[in-house]
Each structure stands twice: as structure tokens, then as C-alpha cells.
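K.L.:
I would like the atomic coordinates for the input below:
(chains A and B)
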Amino acid sequence: MVRAYFDNNASSPLMPEVLEAMRPTLEGAHGNASSIHQRGQAAKAALEQARANVAKLIGADASEIVFTSGGTESNNLAIRGIVGEWRASHPSATALPHLITSRIEHHSVLNVFEELERLGHPVTYLRAASDGRIEPAELQLALRPDTGLVSIMMANNETGVLQPVAEFAAMARAAKVKFHTDAIQAVAKVPIDVKALGCDLLSLSGHKFHACPGVGALYVRRGVRIQAMLYGGRHERERRAGSENLPGIVSLGAAARLDLADNARLAQLRDRIEQTILASVPRTGVAGAGQPRVPNTTDIYFDGIEGEALVIALDLHGFCVSTGAACTSGAVEPSHVLLAMGYPRARARASLRFSLGHQNTADEIDALLAILPELVQTQRRLVLPDAAPTLARLA
Amino acid sequence: MIAVAMSGGVDSSTVAAMLHAEGDDVVGLTMQLWNQRRLAGAPGMGERRSGRCCSLDDVHDARRVAETLGIPYYVVNFEDRFEQDVVRPFAAAYAAGRTPVPCSLCNTAVKFDQLLATARQIGADKIATGHYARVSHNPQTGVHELRRGLDDSKDQTFFLWGLTQEQLSRALFPLGGLTKAAVRARAAGYGLQVADKPDSHEICFVPGNDYTAFLDAYAAEQGAPSTPTAGEMVSTDGRVLGTHPGVQHFTVGQRKGLGVTAPNPLYVLQTDAATRRVVVGADSDLMRRELAASACHWIAGAPPAAPIRVTARIRHRHRPAAAWAEPLPNTRLRVTFDAPQRAITPGQSVVLYQDDLVLGGAWID
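P.N.:
Numbering: from 1, shown residues only, chains lettered A, B, ... in the order given. Predicted coordinates:
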């Protein structure tokens, strides 16, 4: 009985026109893009059409697009690809290059850097300000003569705050340091032109903008060399071995052509959620309010509630939203992003993320806003007083 | 709506199935209480996550049961609360030479407190668990009464004496009138995959029930200064019989692993954290008629005005023994048994009954 799905930053539904574009690839009209025969040629044509569409979406050349299995692989390939290439070209080096990222990255970036740190790379994790932004001055301070890579996200998955990535890229370029941006939550939400941006690598993921899960891409600027992570066939210009996931790639190409003008409507719906909640529910606030943000995302704290309980209550009413990060069991841990922004633990736990997609309607927003203030009020009444623990009663 | 506390075991799974079959609106909740990876790799703690509590296998089982029944199901994260109200007091009790009952703390402070609060926040007005106990409302007195489960071998009221009237008014124990065998038969009847799953008897967050390894690993993680706990093993007349590796390794009544030899079997009579001495003696020295206890809780509310006749239980498997219970000032309690009882242990609970009715309980000093 899902009445509305507001968790599009986790995974957004396949749009009908995307599904239509995929259909022939699922119904067996295509062979392997590496084959000589006509079926194979049809696959190759579909693959290259998708590549052209994705390239166009971000202002790249088609030859600069590497298809991957998704955002996590794109981020891994970018970071480990650059570091691996450096190692391969410096076989006798005694010191490993310094790396820079931020504390608010997605775990598919953060955990790669933590692993590289374990392997001996010095890593600097830039702080975020309380408004969710990473200050360019922080990067300037962190750059060192031995820095080999900077990776900073374009839009944060939880707050939607857009980072001054062009400034970061310019600083990195001036220091002759490679720059990667995880743009997974920004692509198709804000206009992107990799040439104007000046980045060397950019990650994107299909199911964050209405293509299917299991497909993504990495933009690798012409002339930038990366080491492949998978060994096998000579696919993707020897940067990513393995038969192409044609249905997924075609869906990515189709989603890359969705009408971006609809983002203005999403921004209005998002603003309506924020304005209504802030006006009708006391002790609430928006993460990164006032900062440039992607149009579809808002992270609102409701002080005095347990976000986990509010998400469950909303789900039981048919509304899908999210809070924090799910651990393996499915339980929720407070968001490392909000904690890095200086949120107290209780506020981080009291924060909900609403992320919209093009399928969402004004009626759905109205239905949500019709019950949310009352749910918050009820829950606040039932929340336990700040644990001056039961122990006092017991021992 | 009723929230069922689902552990992934046969008991709570059967509760969910029974309530669902009766037409109740049911939501399943599993508490994530402890991260098993936290102390993994420490000596004696196994290389990777181990132990039962919140293991992915149990969550998987609970989730599958919920899917089979077609009920909504969620995992809720109470790790902070569990550490504060169960794990830390557990460690502190052992450090003080006591033998704690973490399940009682968990029931009172987490399951029927935080979980009940969450259940109410999401729209449930009752919480059901797989405990073998019975709760009923007495219309004459207006009191919510707690009674022993009908299956005496499974009765779990030893762990539930801390519940308040408010908590009991919202508690459902659907298994209280069933035997374990009947529960397993029902689980099979409902087609639950967990019908044959073995019972768990260990402390859920302590892998392999090796609580001393857990205590060491937890203390190390907390950066606690390692205060020596090793000391002398002495007889009742003060003779030093040997040394021991730490008071936390011993509990009153323990016979195995004392590391001293004597013509007659020796038992731990007392552990003293201050002097780090473990006093050992004969089995007969373990017998006591009286105990003092603190933080006494009376389920009906007020303590009785005068000493009352009860049967009192001093550990989970102990058969309640006839006694006088005398309420003292400041929620203290004195229990005087008709006949001496073996191994009354500080840190354990004493739970008071009249027939199958649970009157309340306290922590043994």
C-alpha cells in the first residue's frame, strides 16, 4: 500500500520511457556487443548510442565514458584506478602519495580511502562546515607537494548540498593533482559540464536518476590514465573488462535523456515540504538551508523524536523516507554526514531525508503533509525522557 | 496494533503467528542491541562476529517469519541504550565481585522501556513477547498481575520482576499458558521455518558464554585502567590456600576451576573485590537462611505494611522456597527462609511469589 515513495536518493524507480527503451534488450533482440554478426552489431549500436547520451548529459566526449556496474564501482575505479596507475608508473617509489577526500563522502568513497590509508597512503579528510559545505580554503590548506588525488563529492546524498567543485578542481589543477568528483547524487539534477568543471574523473549511477540498478559510469578525461580493476576482455577501452550489461546501459542512456526541466517542479515540491514543516512543526530545521542544493533533496530534523520510529510510522502509513545509514541487520545508525556537520547525536538521529523523483506528484506531497505534523506531535509525546537511566530505579 | 518483539527464535516467532492468526494487526520489531564485530579479534572473543545477540542469522530468521506471515517488520537500533543500561552495569557488577542478571536489566530498561516506547510511537498500544509468563488485570484491585508461566520448566518470571504497572498494562505474553512442546507444535503448524531451531541459553551478547573474555575485551576497549583483580584464595579461617587470576572469574557456589586441592570438595563462598580475596569452604558453608536485598520493586505498587509469607527464588533455576519477606526503609528488603538455602549470590535477584503470583523482587546485596 505504498502511497508515495520519497526515497529516490536511495533508489529511484524506472521511468516508463526508460523501461520502453530497455525492452528490446530484454526480449532478446541483441547479442554480445563484441560479436561480428548483426545481432552483435545491434548491441554495439545500442551501447554506443547510450554512451553518446550519457556523454552529452555531462558535456563529455563519448570516448571518455566507461560503463560500470554502478556508483560504488565507479568510485572504486576512479580512486583505485588513479592510485594503481601511480604505483605502476613509480615501481621503485618508497613513499606513497598523499590523498585528500572529505568526511561527508559516501561510504563507496570513504571506505576506499580508509583501505588505502591502511595500505600506507597518508589521507586527509576535509571537514564540513555546519551548513554542510566544504570550504575551498580547507582544500588549499590540505594540498601538499606529494598529494596525488583529491576526491570530493558534488552533491551530498543526505543533505543535497552542492559543493564548490569547480573551485576544488581549479585548485587541484593548479597543484597538478588529479581531481575526482562523486556526482552520483547530482547528475540529472543539476546541469553538469565536465569541461567547464575541470574535473579529471566523475562518477554517476543509473538508479539514482530513474535508470535501473546495477549500472553506472565513470567519466575519465581524455589523457588521464587509470589502472583497470578487473582483468578479462578488452571492453571499455581496456578500462573495465566484462561483457557489457546492455539492458542496464541502455536504461542509463534513456534516463540521460529525461527532461531536466521537471527538476524545477521537484524543487517547488521540496520547498513546499520544507515551508509547511517549518511553519507548522516547532523545533525543526533543514540541513544546509540557504546553501545551493540539488532540487530533489531535503533533510529535516525534528528535535525530540527518534528518526527510526518516525520512518517506521510513515512506512506503516504508506510513505517511504529514510533516516541515517542502514547497517547490515537493517537497523539504523546516525548519519556520519550530519555528525560531521556538527549535529549532536540526538539531532542526527531525529533527522529524516525526503528525496523526490520525477514520478512524485503534488497530491503525494499533500498526503504526506496531511499526516506528518500530527505523527511528530504524537511521537514527541511518547518519547522517553532523556535517559537518566532506569538504573536509578533498579540499583 | 500490537508490536511483537521478534528475536528470530521459535518463541517470539510463534507469538507473531498466533496474534496474526487471531486477526490482530501485528508489526514485528527486532532490537539491534550489540554490535558483535565490536570486540571481535580480542583474546577469547573469536576472530569475527560471533555470539547470538543480534546475529545476522537471527535477524534473517525473524525477517523470514514476518515475510511468511505477511506482517510489516523492522529492525530498531538500541545499541546505545543497551550498552548504557545493560552492558556497563553488567561489567561493573562483576568488577564489584557480584554476579549480575543482565536479562532482568534488559527487560526492565530496554525491552519494556525503549522498545515499548518505540512501539507506541509507531502506533502500537501493546507489546507482545515470547516470555513464559502470564499477565492479567484484576478488576477487583485494579492491579495488573504477573504470574508464572504454566510450563514450570520454562517459567521466565525470574527476569520480569522489575516491570511496572504501566509496563504490564501494555504487555502480552501469549505463551504463558503453553508448554514449550506445544509452542514448537504450533510453530510447525503455522509452517514457521524456526519450529526446530534450538533454544538459546547463553547471555546473548557474550559469545560462547565466556563472560570473563568478554569483560576483559570490553574493559580494554573502554580504555579502563587495568586494576588488578587477581588475589588470594583463602579458607573460612583465613588460611591462604593459593592464588587466583581474578575475582570476576568466580561466583558463589562455584566448584570447578578453583585451582586448589583439598581433601574435601571446595566451593566459592564469597568474592571480595576490595581485598581481591576469594573465600572457599565446604558445601555446608554455602547454606544461609537470610539475605538482604536492595531496590525492591513491588509489582502491585506499595510494599506490604508488615512481613509477609512468600516463596522466594534466588536464581533462575531455583525452586521457590518458603520464607518471610520483610520490607525495610529505602526500598530495602530482608528475606528469611524457613530452611537454609544454598549459594545465595550477591548481584542476583530475589523474586517473591505467592503461589504463581509474582509479588516483586530485589537485587541481593
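
K.L.:
all strands for chain A, in order.
P.N.:
A:4-5, A:65-68, A:98-102, A:123-126, A:147-151, A:178-182, A:201-205, A:216-220, A:284-286, A:297-302, A:319-320, A:325-326, A:332-333, A:351-355 (DSSP state E).

K.L.:
Tell me the gap between the fifth one and the middle of its chain.
P.N.:
In terms of Cα atoms, centre = their mean, to the nearest Å, the centre of strand A:147-151 is set 19 Å apart from its chain centre.

K.L.:
tell me the angle of that strand relative to strand A:98-102?
P.N.:
Angle, strand A:147-151 to strand A:98-102, by axes from the mean of the first three to the mean of the last three Cα atoms, to 10 degrees: 20 degrees.

K.L.:
so residue A:227 sits right up against residue A:89, yeah?
P.N.:
No - between residue A:227 and residue A:89 there is no contact under Cβ atoms under 8 Å: 9.4 Å. Yep, even glycine has a C-beta here, placed from its N, CA and C like the rest.

K.L.:
of those two, who's got more company?
P.N.:
Comparing residue A:227 with residue A:89 by other Cβ atoms under 10 Å in any protein chain shown, the one with more neighbours is residue A:227, at 16 against 10.

K.L.:
what about the nearest residue to the more buried one once chain neighbours are set aside, distance to residue A:40?
P.N.:
Once flanking residues are discounted, residue A:227 sits nearest to residue A:84: 3.2 Å by Cβ to Cβ, 6 or more residues apart in numbering or on different chains. Distance of residue A:84 to residue A:40, computed by Cβ to Cβ, to the nearest Å: 31 Å.

K.L.:
Could you give the bridge partners of the closest residue to residue A:73 other than its chain neighbours?
P.N.:
Using Cβ to Cβ, 6+ apart and skipping residues adjacent in sequence, the residue nearest residue A:73 is residue A:216, 6.4 Å away. Applying DSSP bridges to residue A:216 gives these bridge partners: residue A:68, residue A:205.

K.L.:
tell me the contacts of residue A:216?
P.N.:
Going by Cβ atoms under 8 Å, 6 or more residues apart in numbering or on different chains, residue A:216 touches A:67-74, A:184, A:203-206, A:252.

K.L.:
and the gap between it and residue A:27?
P.N.:
Applying Cβ to Cβ to residue A:216 and residue A:27 gives a distance of 24 Å.

K.L.:
In chain A, what residue comes closest to chain B?
P.N.:
Nearest residue of chain A to chain B (Cβ to the nearest Cβ) works out as residue A:331 at 3.5 Å.

K.L.:
who's in contact with that residue?
P.N.:
Residues in contact with residue A:331 (Cβ under 8 Å, 6+ apart) are A:308, B:32, B:75-77, B:79.

K.L.:
Just the strands from the stretch 151-300 of chain B, written as ranges.
P.N.:
B:171-172, B:231-235, B:240-244, B:267-272, B:277-281, B:287-298 (DSSP state E, counting those that start in this stretch).

K.L.:
what's the closest of the ones you listed to chain A?
P.N.:
Judging those by Cβ to the nearest Cβ, what sits closest to chain A is strand B:287-298, at 5.5 Å.

K.L.:
how about the most centrally placed residue in chain B, secondary structure?
P.N.:
By Cα atoms, centre = their mean, chain B has its centre lying nearest to residue B:103, at 2.6 Å. Reduced to three states with DSSP: H, G, I helix; E, B strand; the rest coil, the structure at residue B:103 is helix.

K.L.:
hang on, isn't it packed against residue B:157?
P.N.:
No - counting by Cβ under 8 Å, residue B:103 does not reach residue B:157; the two are 11.7 Å apart.

K.L.:
Please tabulate the contacts of residue A:331 in CSV, including the columns pLDDT and neighbour count.
P.N.:
Shown next, in CSV, are the contacts of residue A:331 (pLDDT from 0 to 100; neighbours: other Cβ atoms under 10 Å in any protein chain shown):
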residue, pLDDT, neighbour count
A:308, 94, 26
B:32, 91, 22
B:75, 94, 22
B:76, 94, 24
B:77, 91, 24
B:79, 91, 18
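
K.L.:
Do you know the pLDDT at the nearest residue to residue A:190 once chain neighbours are set aside?
P.N.:
Excluding the flanking residues, the one nearest residue A:190 by Cβ to Cβ, 6+ apart is residue A:294, at 5.9 Å. Note on residue A:294: pLDDT of 98.

K.L.:
Could you tell me which residues make contact with residue A:294?
P.N.:
A:155, A:160, A:162, A:185-186, A:189-190.

K.L.:
same question, residue B:365
P.N.:
With Cβ under 8 Å, 6+ apart, residue B:365 has these contacts: B:291-294, B:346.

K.L.:
Kindly give a single PyMOL line that selects the buried subset of those.
P.N.:
Those of the contacts of residue B:365 that count as buried under 16 or more other Cβ atoms under 10 Å in any protein chain shown are selected in PyMOL with:
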select buried, chain B and resi 291+292+293+346
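
K.L.:
Would you format the contacts of residue B:365 as TSV with distance to residue A:368 and pLDDT included?
P.N.:
Output for the contacts of residue B:365, formatted as TSV (distance: Cβ to Cβ, whole Å; pLDDT from 0 to 100):
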residue	distance to residue A:368	pLDDT
B:291	57	97
B:292	57	97
B:293	52	97
B:294	50	96
B:346	54	94
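
K.L.:
out of the contacts of residue B:365, who's nearest residue B:250?
P.N.:
Of all those, residue B:346 has the smallest distance to residue B:250: 11.9 Å, by Cβ to Cβ.

K.L.:
ok, for the closest one, nearest residue in space, not its chain neighbours?
P.N.:
residue B:98 (4.7 Å).

K.L.:
So what's the residue count around that neighbour?
P.N.:
Around residue B:98 there are 24 other residues, counting by other Cβ under 10 Å.

K.L.:
So it, which state does it fall into?
P.N.:
On the basis of three-state DSSP, residue B:98 is classed as coil.

K.L.:
what ranges of the chain fall below the confidence cut-off?
P.N.:
Chain wasn't specified; assuming chain A. Residues of chain A meeting the criterion pLDDT under 70: A:1-2, A:328, A:386-395.

K.L.:
Chain B was what I was after
P.N.:
In chain B (pLDDT under 70), the answer is B:44, B:46-54, B:225-226.

K.L.:
Give me the domain ranges for it.
P.N.:
B:2-211, B:228-281, B:288-364 (automatic domain parsing).

K.L.:
Tell me how far the first one lies from the chain's centre.
P.N.:
Taking the mean of its C-alpha atoms, domain B:2-211 sits 11 Å from the chain's own mean (Cα atoms, centre = their mean).

K.L.:
got a list of what residue 57 touches?
P.N.:
Going with chain A. A:187-188, A:192, A:256-257.

K.L.:
that answer is for a different chain, and I need it for chain B
P.N.:
Per Cβ under 8 Å, 6+ apart, neighbours of residue B:57: residue B:8.

K.L.:
what about it, helix or strand, and which?
P.N.:
helix B:56-69 (DSSP states H and E).

K.L.:
Beyond that helix, next helix or strand please.
P.N.:
Next in sequence after helix B:56-69, counting helices and strands by DSSP H and E, comes strand B:73-77.

K.L.:
Need the contact partners of that following strand.
P.N.:
A:308-309, A:312, A:315, A:327, A:329-333, B:6, B:27-32, B:59, B:62-63, B:66-67, B:115, B:118.

K.L.:
will you turn the contacts of residue B:365 into TSV that also has distance to residue B:167?
P.N.:
Listed next are these as TSV, based on distance: Cβ to Cβ, whole Å:
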residue	distance to residue B:167
B:291	26
B:292	26
B:293	21
B:294	21
B:346	26
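
K.L.:
Distance check, residue B:271 against residue B:93.
P.N.:
Distance from residue B:271 to residue B:93, by Cβ to Cβ: 11 Å.

K.L.:
Compare the two and say which one has the larger neighbour count.
P.N.:
residue B:271 (29 against 21).
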